[in-house]
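Enquirer: what's the 3D shape of this:
(chains A and B)
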2 protein chains.
Amino acid sequence: MKLHHIGKVVSDMEEAIKYHRDTFGLEPLREPVIDPIQKVEVVLLDTGHGEEVPIELLKPISEDSPVSKFLKKGGGLHHLSFEVENIEQAVEELREKGALILGDVVPSKGNKEVPSVWLYTRSRELIELIEKDQD
Amino acid sequence: MKLHHIGKVVSDMEEAIKYHRDTFGLEPLREPVIDPIQKVEVVLLDTGHGEEVPIELLKPISEDSPVSKFLKKGGGLHHLSFEVENIEQAVEELREKGALILGDVVPSKGNKEVPSVWLYTRSRELIELIEKDQD
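Expert: You can find the predicted model right below:
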């Protein structure tokens, strides 16, 4: 697998973009998008590596967003996302290794709608898998 | 600034290397090193980007290591490290923006001994700055 992005959960998107720009000089790669499945607003920040390994800022847009609870505990560094060639195969392999798959494989709105899935690994680490963009 | 690495704090280095290999297929870039200043054992894992943006595994080797407290709270994702051209200048700029600098600029044993420093940004986010390797 290949590291795809680093997810951070934030309470205020405008303030988070300003903070990352002022502090580290990071700029958004694209305009914000809304992910209606995860109930988050998503902005990718260029970490100096172009399209590779951006920081993904996630702001819950609803109380029942999967990341709302994490925000209440303070937010910040949330997850690592890994790119795989075939997501169904990767899910099956990780399930056999003791991972707990959280929900279905769904399009990742913030990442060109490629198939993605959340899971807890056998060490109960929260991870996102994302299928390689075939374009 | 440019994202340099992602720090994770672990309790057992051998188990952590095995976990990252079995789960994600990540391999160490080099042999483990001991950092006597931070009182940690350090292993860098290739995240599929070669020398760029590795995962830095940190295992405290002493109760008074700066990361021991974090490990007691469960460990895991710990910090982002950013590369800068001139660390003294970056420290001064961030201090003016409200950062709290934690200790002195010291060689980063796990990262070719380039100058590095820990700080809390104005949002009280723990960050490591690391000077670009001039070799």
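Enquirer: listing partners with orientation, what would you give for the strand or helix carrying A:K59?
Expert: In the assignment (DSSP states H and E), A:K59 maps to strand A:55-60. If you go by DSSP bridges, strand A:55-60 pairs up with strand A:2-9 (parallel), strand A:40-46 (antiparallel).
Enquirer: ok, and which of those strands has the densest surroundings?
Expert: Comparing those by mean neighbour count (mean count of other Cβ atoms under 10 Å in any protein chain shown), strand A:2-9 comes out on top with a mean of 23. Just so you know, the C-beta spots here come from the backbone N, C-alpha and C atoms, and that holds for glycine as well.
Enquirer: contacts for that one?
Expert: Outside strand A:2-9, the residues that touch it by Cβ atoms under 8 Å, 6 or more residues apart in numbering or on different chains are A:16, A:44, A:47, A:53-60, A:67, A:70-71, A:75-83, A:111, A:128, A:130, B:3, B:6, B:47-49, B:53, B:55, B:80.
Enquirer: so A:S11 touches A:L71, yeah?
Expert: Yes - if you go by Cβ atoms under 8 Å, A:S11 and A:L71 touch, sitting 5.9 Å apart.
Enquirer: mean pLDDT and distance to B:Y120 for the strands paired with strand A:55-60 - can I get that in JSON lines?
Expert: Below are the strands paired with strand A:55-60 laid out as JSON lines (pLDDT from 0 to 100; distance: least, Cβ to Cβ, whole Å):
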{"stretch": "strand A:2-9", "mean pLDDT": "98", "distance to B:Y120": "16"}
{"stretch": "strand A:40-46", "mean pLDDT": "98", "distance to B:Y120": "20"}
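Enquirer: quick check: residues of chain A near chain B?
Expert: Within chain A, the positions near chain B by Cβ under 8 Å from any Cβ of the partner chain are A:1-3, A:6, A:19, A:22-26, A:47-49, A:52-53, A:55, A:76-80, A:82-83, A:94, A:97, A:99, A:121-123, A:125.
Enquirer: narrow those residues to those that are buried.
Expert: Of the members of those, the ones counted as buried by neighbours, 16 or more other Cβ atoms under 10 Å in any protein chain shown, are A:1-3, A:6, A:19, A:23-24, A:26, A:47-48, A:52-53, A:55, A:76-80, A:82-83, A:94, A:99, A:121, A:123, A:125.
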